[in-house]
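In: fold the following, please.
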Amino acid sequence: MVKKYMLNENLLPLIIGPEIEQDNSFQFIYKWLSENKSWFSEKLGEHGAVLLRGFSINSIDEFSSICKVFQSDLKDYKGGNSPRTLLERNVYTSTDYSNTREIIQHQELSYALDPPRYLFFYCDCPADIGGETPITDCRIFLRNLKSDIKEKFKKKKIKYIQNLPENNGFGRTWKETFETETQTEVEQALIHMDSRFYWKDDGTLHWEQVRPGISVHPQTKEEVWLNQADQWHISQFDEETQEAFALVFKDPNNYPLYSMWEDNTEFDVEDFYEIKRLFDQLCVKNPWKKGDVLILDNLLVSHGRMPFEGDRKIFVAMG
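Out: A predicted model of the protein is given here:
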């Protein structure tokens, strides 16, 4: 039997590690997870996050095998907006975003029609300094969110806007985003995603998705915060970038990335400051150790990334 213990009083994450002098090999934890999958799934629904620590998980292949205990077919990242490199077998770098910037709390692909249920992170190499992946229980977040902000996100839907260039431009191209060279494949994917879109004369894809800000978890039936309205908004960039966007793109509908209410009204930016403050207050920051595997219920728990120094290698898969 493996040792189970909680990191802190918030019960996030549940940590599973080997007992003293117990076999900590990949073969052992793979077999144990396979035999205890129902128990593990129950605990993941309870805690929202489980960390496997202290086992000899030493490669992408072994990480992928752990993921497939719970999800036989890992999802690709087509339609995602984060800069990310495909490694193999639908395992990606967690992000290629600048190491000097914080990535604020969010749930992966929460703007998609069908967000991934599970996220799997693997630490191949922790950063020298920083680089934590802070996580927050979005049930607790929602219970502590100011009632007026919560009501806005319950009553109104969010419009996510992207303008993806064909080749060179700001941010990812539509070819990179959809992992294809043809507009026809992109259009088929967008129709499947229940999206609004059109092509501009220069080959740029204008793409809109309308999604709720608060959802109900399919298993626990609890209300959960599930959106990236703040992360997509121009207010999250520094003043220099905001000014450059306004100068170059003029209209927010032409920005590489933007968010607003479905009725085309703007968000109250003060709400985003309060959302960020609450996430910072509630999140748990657990420094990575080599070989760690962190499994999240993506609908229950948000994640982010702290700035870092050194050679950080964190890989991610989705189910």
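
In: okay, CA-based contacts and neighbour counts for the rest of this
Out: Fine.

In: break the chain down into its domains, please.
Out: Following automatic domain parsing, one gets these domains for the chain: 3-139+284-318, 144-277.

In: comparing those by mean pLDDT, which bottoms out?
Out: In terms of average pLDDT, domain 3-139+284-318 trails the rest of these, at a mean of 89.

In: for that domain, the distance to its chain's centre please.
Out: Centroid separation for domain 3-139+284-318 versus its chain: 11 Å, with Cα atoms, centre = their mean, to the nearest Å.

In: what does stretch 179-186 give?
Out: Distance, centroid of stretch 179-186 to centroid of chain: 24 Å (Cα atoms, centre = their mean).

In: please identify the most buried of the domains of the chain.
Out: domain 3-139+284-318 (a mean of 18; mean count of other Cα atoms under 10 Å).

In: gap between residue 20 and residue 214?
Out: 43 Å (Cα to Cα, to the nearest Å).

In: over to residue 283?
Out: Where residue 214 is concerned, residue 283 sits at a distance of 19 Å (Cα to Cα).

In: ok, residue 184 next?
Out: 32 Å.

In: kindly report the same for residue 152.
Out: From residue 152 to residue 214 the distance is 10 Å (Cα to Cα).

In: quick one: residues contacting residue 296.
Out: 44, 48, 49, 50, 118, 119, 120 (Cα atoms under 8 Å, 6 or more residues apart in numbering).

In: what about those residues, which are in strands?
Out: Using DSSP state E, 49, 50, 118, 119, 120 are the members of the contacts of residue 296 that sit in strands.

In: output the residues you listed as a markdown table; include the columns distance to residue 206.
Out: Below are those laid out as a markdown table (distance: Cα to Cα, whole Å):
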| residue | distance to residue 206 |
| --- | --- |
| 49 | 35 |
| 50 | 38 |
| 118 | 29 |
| 119 | 28 |
| 120 | 31 |
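
In: which one of these is nearest residue 172?
Out: Nearest to residue 172 among these: residue 119, at 22.1 Å, using Cα to Cα.

In: my understanding was that that closest one contacts residue 316; is that so?
Out: Yes: between residue 119 and residue 316 there is a contact under Cα atoms under 8 Å: 7.1 Å.

In: just grab the bridge partners of residue 162 for me.
Out: On the basis of DSSP bridges, residue 162 is bridged to residue 207, residue 257.

In: any idea how far it is from residue 261?
Out: 14 Å.

In: ok, now residue 161?
Out: In terms of Cα to Cα, residue 161 sits 11 Å off from residue 261.

In: only alpha carbons, please: show the helix or strand that contains residue 245 as PDB.
Out: Residue 245 belongs to helix 239-249 when assigned by DSSP states H and E. Taking C-alpha atoms only, helix 239-249 is exported to PDB below (Å, rounded to 0.1, in the frame of the first residue of the first chain):
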ATOM      1  CA  GLU A 239       0.600  49.300 -20.400                       C
ATOM      2  CA  GLU A 240       3.100  49.300 -23.300                       C
ATOM      3  CA  THR A 241       1.400  46.300 -24.900                       C
ATOM      4  CA  GLN A 242      -2.000  47.700 -24.400                       C
ATOM      5  CA  GLU A 243      -1.000  50.900 -26.200                       C
ATOM      6  CA  ALA A 244       0.700  49.000 -29.000                       C
ATOM      7  CA  PHE A 245      -2.500  46.900 -29.500                       C
ATOM      8  CA  ALA A 246      -4.700  50.000 -29.600                       C
ATOM      9  CA  LEU A 247      -2.300  51.600 -32.100                       C
ATOM     10  CA  VAL A 248      -1.800  48.700 -34.400                       C
ATOM     11  CA  PHE A 249      -5.200  46.900 -34.300                       C
END
